[in-house]
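Student: pasting the sequence and the predicted coordinates here, then a few questions.
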2 protein chains.
Amino acid sequence: MRIGLDVGGTKIAALAIDNDGSIVARVRRTTGHGEKEVLTSIIGATEELLESASAPVGAIRHIGLGIPGLVDAQAGTVRHAVNLRIGEEPFEVRRLLSEHFGGAPVSVDNDLNVGALGAAALLGYENVDIAYLAIGTGLAAGIVLHGEPRTGANGAAGEIGHIPVDPMGERCPCGQRGCLETIASGTALTRKWPTTNSQPAPAALFREAQRGNAEAQKVKAEFIGGVVQAVQMTALSIDVDLVILGGGVSELGEPLLTAVQDELRARARESHLLATLNLADKVQLLPPGSAAAAVGAAILGREKTDTVPSLKDAQGPRAEGLGSKVSPLQNV
Amino acid sequence: MRIGLDVGGTKIAALAIDNDGSIVARVRRTTGHGEKEVLTSIIGATEELLESASAPVGAIRHIGLGIPGLVDAQAGTVRHAVNLRIGEEPFEVRRLLSEHFGGAPVSVDNDLNVGALGAAALLGYENVDIAYLAIGTGLAAGIVLHGEPRTGANGAAGEIGHIPVDPMGERCPCGQRGCLETIASGTALTRKWPTTNSQPAPAALFREAQRGNAEAQKVKAEFIGGVVQAVQMTALSIDVDLVILGGGVSELGEPLLTAVQDELRARARESHLLATLNLADKVQLLPPGSAAAAVGAAILGREKTDTVPSLKDAQGPRAEGLGSKVSPLQNV
C-alpha cells in the first residue's frame, strides 16, 4: 500500500492506493502548526488511513509527502514553511516519520511538484513535460520534466508568481512591484472583488461578469490576462508540452479554462510567434475535486511499473465513501 | 578530430579539436544564404579546417553544427531560419553534410543551445544547470540541464525575449507589446542610443554614461533593468545554477557584468525572496572573444569521457594563429 499526504496550511488530504493502483482509503484532517504538531497530524492521518483500509503498519510500502516550503528532497527535510510555522532550521520530517512507522520508506517533495506529478498521472500523461499552474493564495508552477519534478538550484523553479510584469503595478509582499501574483491569484481577486457573503471572490466575480457587470468584466479580464501571461511564461522559458490549471481558483472549472483559451487565441491572432506555439490547445483544467497533490505524493518515488490511480478514482465528489477498490486502473 | 561550426547570419565560426581536446584549427568565413549556399559555406569551412590541420577527411570523428532557426535535433533538420533564408520546409542539413564527408557522424542543434554547452565547458562547469543569456540583435537564453541542451516542446525553451514585461511598453515585431527584448537587446540600445560613428551603440552608451551624461545613464539603467529582469526570469522559472551573459552586447565586458550585479544586489536589498536567491553571485560573463558556440558545436554528442577545450584555448584574441596544440586540457 502506498500512502500519499498533501500537507496544506489548514488541511491534510491523504489517500492510500493499493498495489493495483486503486484508491483504498481517503482522509482529510486539520493540520497542526509547528514542527511537533505537523508531525502529529501527519502521523494521525496515516493511522486513520490504515484503520479505514483495515491494514497493519506492515502493509505500508511507501509514504509520500507533499509539503509547502523549501524542501530538500535528497535530505528529506523542509524549512521555511511559513503557513506550517516551520522556520529556518531544516525539519527532518522524513526521518521522524519513517521511524514512527517502523522504518517505512518515506519521500518528501514540494507540494507543487507533487501536484504536477499527480495531475499528470490523473490526466493520463506519461513522458510529457508539464507545468502545473497552482492559482491559489499565490501563483506558482510545479514542473515535471521527463517524469521527474524539477526543483531547481534554489528550490525556486516555477516561482513565476514573483516575476514582475508591470513597472506601474502594485507592490508585492515579496518586496518587488507588479509581480504576476499581484494580478493572477486568489488573493488578487479577493482584493479587487471583495465579497460580503461567504461566496469565494472568484465565483462571485465570474458570476457578475457573466451578468454583464462592466466593472466585473474588467477585473475578470485583468485576472485572465495574468493567467495567460503565466501560461506564456512557462511556454517561453521551460517550454512544456502541457500547462494544467489547478489550485483553489481552478475550482471555477470550465468558465476559467474557456476564458483562458479565448484570450490565448486572441493573442495568437496578433502574434505570429504565439500562433506558432498554439498554446490554447496545450492548456488543460484539473477537474475540480481532484486530489492531485495527494495522488502525486502517493506515487512519489514509485517504480515505473507501478500502477497509479486514474482520474475516475481520485476526483473527490465521485470518490466519497471509499474504502474498497473502486475502479479499473490506468498505467501512467 | 571533432569539428564545431557556429553558423551565424553573416559569419561561420568553425574550429577543430583533437582527441586530447586541444583546438588545432580555427576558421571564419562568410555565410551563404539559401539552403544550397548555406550548405556550401559549411562544407567550405570544414574543408578549410582540414587543410589548416593537415588532416584527411577520414580524420573527422564528428561534425557538430549550431544553427539559428527551429532545429529538430532528432531529425537533423532546420527550418524557419530567417537570417539564413531557410524557409518552412525542413532542410536536411545533417544528412547532406554527412553524405558529403563520407558518412561522418553529424549533430545539429540550435545556436543558443550550443552556445550554452560551449560556455559551460569553457568556464569549466560540469553537471550544473545553465542559462546562457545571448544579448545580441535579440534576447534569448540557451539552456543546459544536467549537461543536456533543453529545446522544449516547441523549440521555444529560453525564448524569454518575447515575454511581455510592460503593458505600456513598445510594440515588438513579434506582435506583442512590451516584450523583454524591446528593453534588453542590442537592437533596443541602437534604437534608444543611435550612434553616428562606427562605434557600436552599447559601447557608446556606456562611455557616455560613464562620463556623466544623465540621458545616457537613464537609457543604460533601463537596459540593465531589462537584463536583470531576464536573469530573474530564468531564476524563477527554470532556476538554473548559473546565468552566463553572452551575445554581441556582452562584448562590453566587465562594465556590463558589474552593472548587472550591482542592480541585482540593489533589488535583493528590497526583496527577501531575491536576497535568498543570491543572484548576483550566480551571474558570470563569457569573456569577450570566446568562441562558445563553435566549442559547444564541437562537443555536441560527445562521450562524457572526451576532453574539451579550456577557456584559455578558445578565446579569440589569445588563440590567433592556431594550427598546433596550444595548451593543456580541461575535462568538462
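Tutor: Looks like it arrived, so ask away.

Student: what secondary structure does the residue most central in space within chain A sit in?
Tutor: The C-alpha lying nearest the average C-alpha coordinate of chain A belongs to A:Gly115 (Cα atoms, centre = their mean; 3.7 Å). The three-state label given to A:Gly115 by DSSP: H, G, I helix; E, B strand; the rest coil is helix.

Student: residues contacting it?
Tutor: By Cβ atoms under 8 Å, 6 or more residues apart in numbering or on different chains, the residues touching A:Gly115 are A:6, A:66, A:132, A:134, A:142, A:246, A:292-293, A:296. From N, CA and C alone the C-beta is placed, and that goes for glycine too.

Student: what is the nearest of those to B:Leu277?
Tutor: Within the contacts of A:Gly115, proximity to B:Leu277 (Cβ to Cβ) peaks at A:Gly142, which comes in at 18.5 Å.

Student: returning to what we had before: so the residue nearest to the centre of chain A versus A:Ala134, what's the distance?
Tutor: Distance of A:Gly115 to A:Ala134, given as Cβ to Cβ, to the nearest Å: 6 Å.

Student: hey, what's in contact with both of these two?
Tutor: Common neighbours of A:Gly115 and A:Ala134 (criterion: Cβ under 8 Å, 6+ apart): A:142, A:246.

Student: not counting sequence-adjacent ones, nearest residue to whichever residue of the stretch 1-150 of chain A sits closest to chain B?
Tutor: At 6.1 Å from chain B, A:Asp129 is the closest residue in the stretch 1-150 of chain A, using Cβ to the nearest Cβ. Nearest in space to A:Asp129, with sequence neighbours left out and distances taken as Cβ to Cβ, 6 or more residues apart in numbering or on different chains, is A:Val240 at 4.3 Å.

Student: what pLDDT does the one you found get?
Tutor: pLDDT for A:Val240: 95.

Student: SS state for it?
Tutor: A:Val240 - assigned by three-state DSSP - is coil.

Student: tally of neighbours for the residue of the stretch 1-150 of chain A closest to chain B?
Tutor: Applying other Cβ atoms under 10 Å in any protein chain shown, we find 23 residues neighbouring A:Asp129.

Student: how about the contacts made by it?
Tutor: A:143-146, A:238-242, B:152-153.

Student: buried only: go through the residues you listed for me.
Tutor: Among these, those that count as buried by neighbour count (16 or more other Cβ atoms under 10 Å in any protein chain shown) are A:143-145, A:238-242, B:152-153.

Student: is it possible to get a markdown table of those that adds distance to A:Val71?
Tutor: Below are those laid out as a markdown table (distance: Cβ to Cβ, whole Å):
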| residue | distance to A:Val71 |
| --- | --- |
| A:Ile143 | 14 |
| A:Val144 | 15 |
| A:Leu145 | 17 |
| A:Ile238 | 19 |
| A:Asp239 | 25 |
| A:Val240 | 21 |
| A:Asp241 | 25 |
| A:Leu242 | 23 |
| B:Gly152 | 25 |
| B:Ala153 | 26 |
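
Student: thought A:Gln261 was touching A:Ala280?
Tutor: Yes - A:Gln261 lies in contact with A:Ala280 (Cβ atoms under 8 Å); the separation is 4.4 Å.

Student: how much space separates the closest residue to the residue nearest to the centre of chain A other than its chain neighbours from chain B?
Tutor: Leaving aside its chain neighbours, A:Gly115 sits nearest to A:Ala293 (4.3 Å; criterion: Cβ to Cβ, 6+ apart). A:Ala293 is 20 Å from chain B, where distance means Cβ to the nearest Cβ, to the nearest Å.
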